[in-house]
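Peer 1: Below are the sequence and a predicted model for it; my questions follow.
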Amino acid sequence: MNRQQGSSLLLVLIVLGIMVGGALAAVRSTNTASLIASNAAFRAAAREAADGAENAAFAYLIADTALDTAVPNVYYPLRVANTTPDDSTGLPAIDWSTVASTQVGNNAVQWVIERMCTGALPVTDTTDNCLVDIQIAAGSNKIGSAAFAASANVFYRVTVRVRGPKDTESFAQTLISR
């Protein structure tokens, strides 16, 4: 009688183990791809929500006529860094728990506006106390002739915070001149 050595059983078990390992790797790869796709979708939704908030802040700024008057947790006539320095990422030190939030899809959106001025209120000399954009108007081409400057446009920094699903948080900043 021939005695079986069991080598074919060992070979089948090794091949089965390799196949199970390959199947687990494929499942893991599919899960990773799904997570990457969902993260990209969350990021795109947060960017879209931030764009809408920037537009809302711009509309608020256009309608605002009392530029030296603070509106708590919405508009700061002086840089927040005047009293508390920006953090290491360049964000103003704002207590976001006091800022109004708007729901955009699955995201909670908050925004604040800072006039990029320092010193004390009222700001009387925007050229020296504020970050400004002065446009030089085209003048004569004659050497030594006067160059005319338009009025200075003051810069405003809009900071937007977007909180989304899975405790995600993103920030966007925009400079606007007015």
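Peer 2: Perfect, I can see it now.
Peer 1: Burial check on the residue lying closest to residue 56 once chain neighbours are set aside, number of neighbours?
Peer 2: For residue 56, ignoring the flanking residues on the chain, the nearest one in space by Cβ to Cβ, 6 or more residues apart in numbering is residue 111 at 6.8 Å. Placement of C-beta: from N, CA and C, glycine included. Residue crowding around residue 111 was assessed by other Cβ atoms under 10 Å; the count is 24.
Peer 1: Can you report the mean pLDDT over the residues of whichever strand or helix holds residue 111?
Peer 2: For residue 111, the element it lies in under DSSP states H and E is strand 107-115. Strand 107-115 shows an average pLDDT of 92 in the prediction.
Peer 1: helix or strand right after it?
Peer 2: Next along the chain after strand 107-115, taking DSSP H and E as the criterion, comes helix 126-129.
Peer 1: Show me what that next one is in contact with.
Peer 2: If you take Cβ atoms under 8 Å, 6 or more residues apart in numbering as the criterion, helix 126-129 is touched by 117-119, 123, 132, 134, 152, 154.
Peer 1: Now rank those by neighbours and give me the top one.
Peer 2: Greatest neighbour count in those, by other Cβ under 10 Å, goes to residue 117: 25 neighbours.
Peer 1: Can you give me the distance of that residue to residue 134?
Peer 2: In this view, residue 117 and residue 134 are 15 Å apart by Cβ to Cβ, to the nearest Å.
Peer 1: repeat for residue 81
Peer 2: From residue 81 to residue 134 the distance is 22 Å (Cβ to Cβ).
Peer 1: What of residue 26?
Peer 2: 62 Å.
Peer 1: So for residue 57, what's the nearest residue that isn't a sequence neighbour?
Peer 2: Sequence neighbours aside, residue 158 is the residue nearest to residue 57 in space, at 4.4 Å (criterion: Cβ to Cβ, 6+ apart).
Peer 1: cool, and residue 134?
Peer 2: By the measure of Cβ to Cβ, 6+ apart, the closest residue to residue 134 outside its immediate chain neighbours is residue 152, 4.9 Å from it.
Peer 1: what sits against the one you found?
Peer 2: 126-127, 130, 132-134.
Peer 1: Going by contacts, tell me the helices and strands next to the longest helix that the chain contains.
Peer 2: Looking across the chain with DSSP state H, the single longest helix is helix 7-63. Here helix 7-63 touches strand 102-104, strand 107-115, strand 153-164, strand 168-177, going by 3 or more Cβ pairs under 8 Å, 6 or more residues apart in numbering; DSSP states H and E.
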